[in-house]
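In: pasting the structure only:
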Ligand code: 5MM
């Protein structure tokens, strides 16, 4: 498969991505909520539970993994990545190395990980046949931020990363996450996202990255989580599409949203509302972490006896989001 075919496959027929690339500290935060110890074995058992869920098939086209998971085997010795492939999904790998302050004393951050990236990608390709990669930039909204300096630095790093990934025949997922944290308005979110997308596609063009061989993983346009003015589902959908249409080239095959702290239902409803609009140049789908895993994590609770009920939760969310990616979801379908 060439780069465009890989990207198209991941978002074909309403399929989306399961983001299971929590670094070990983030996994610890998730496990704390269910009182499960953050050990290598527990992380393996949790991920194995997710990947063996029946609803992975036909609903999930790709799974983003953390390095540890790509190398892990299930209890019966089957590599976790093989379980994913057997479900018809492609395993991918997070290749960034997390966040560092933009400069001393700054609240803003830039993503690191370009050192040795070429070698890491070559290894992931040769050893594990990983077909795609992901890099997440974080943009914060607040007093006087995001600054142009932060937006430009993150856009440049994303473009440098995307170029290296494509050189290694792997699809880059470029993720400029504009955080929901704070009391900013939906207009301020629109502005920060528009500036971030525009800088990103300028940087990608300068780097001569092939837009038809990448996926964009953006935030939706929403008010900050502490903003007193809430937005309707339709407002979020309309402003998100407007922002994307104004800034994202039509050759990009797919836009796979992050959920960013939205509830499972909100993330599904927003995606569905966007996909009610026809004549969009790109597929609009999902690359959710929390909005796919939350109910499954809670139902699992670290206990083997809860395996099937937890898998049922993941399967249900995966199916609901596939329907939303096709614009065919409605709230009644949530009843089981
Ligand atoms: C799954 O979480 C990923 C980040 O993990 P670390 O913070 O541990 O590096 C994250 O990039 C995720 O893929 C996206 O933010 C989407 O996840 P949500 O939960 O926002 O849908």
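Out: Perfect, I can see it now. In this text, all values refer to a predicted model and were calculated from it rather than measured experimentally.
In: close enough to count as contact, residue 231 and residue 224?
Out: No - between residue 231 and residue 224 there is no contact under C-beta atoms under 8 Å: 10.7 Å. No exception for glycine: its C-beta is placed from N, CA and C like everyone else's.
In: who touches both of the two?
Out: Common contacts of residue 231 and residue 224 (C-beta atoms under 8 Å, 6 or more residues apart in numbering): none found.
In: Could I get the pLDDT score of residue 24?
Out: Residue 24 carries a pLDDT value of 98.
In: should've said residue 230
Out: 97.
In: That one against residue 223, yeah?
Out: Yes - contact status for residue 230 versus residue 223: in contact at 6.6 Å, counting by C-beta under 8 Å.
In: of these two, who's got more company?
Out: residue 223 (21 against 10; other C-beta atoms under 10 Å).
In: quick one: which helix or strand includes that one?
Out: Element membership for residue 223 (DSSP states H and E) is empty, with no helix or strand holding it.
In: Skipping adjacent residues, who's closest to it in space?
Out: With C-beta to C-beta, 6 or more residues apart in numbering as the criterion, residue 223 has its nearest non-adjacent residue at 4.4 Å, and that residue is residue 186.
In: That neighbour - how many residues pack around it?
Out: 19.
In: unless I'm mixing things up, it is touching residue 230, no?
Out: No - assessed by C-beta under 8 Å, residue 186 is found out of contact with residue 230, at 9.1 Å.
In: Near the closest residue in space to residue 250 that isn't next to it in sequence, how many other residues are there?
Out: Take residue 250 and drop its neighbours on the chain: the residue closest to it by C-beta to C-beta, 6+ apart is residue 281, 3.5 Å away. By other C-beta under 10 Å, the residues close to residue 281 number 13.
In: again with residue 119
Out: Count around residue 119 with other C-beta under 10 Å applied: 11.
In: And for residue 246?
Out: Count around residue 246 with other C-beta under 10 Å applied: 11.
In: so where do the helices sit in the protein?
Out: 3-10, 24-32, 40-51, 67-70, 80-86, 117-128, 148-167, 186-206, 233-247, 264-275, 290-300, 307-325 (DSSP state H).
In: Could you provide these in TSV, with additional columns for distance to the ligand?
Out: Output for the helices of the chain, formatted as TSV (distance: least, C-beta to the nearest ligand atom, whole Å):
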stretch	distance to the ligand
helix 3-10	14
helix 24-32	3
helix 40-51	11
helix 67-70	11
helix 80-86	15
helix 117-128	15
helix 148-167	13
helix 186-206	15
helix 233-247	15
helix 264-275	7
helix 290-300	3
helix 307-325	11
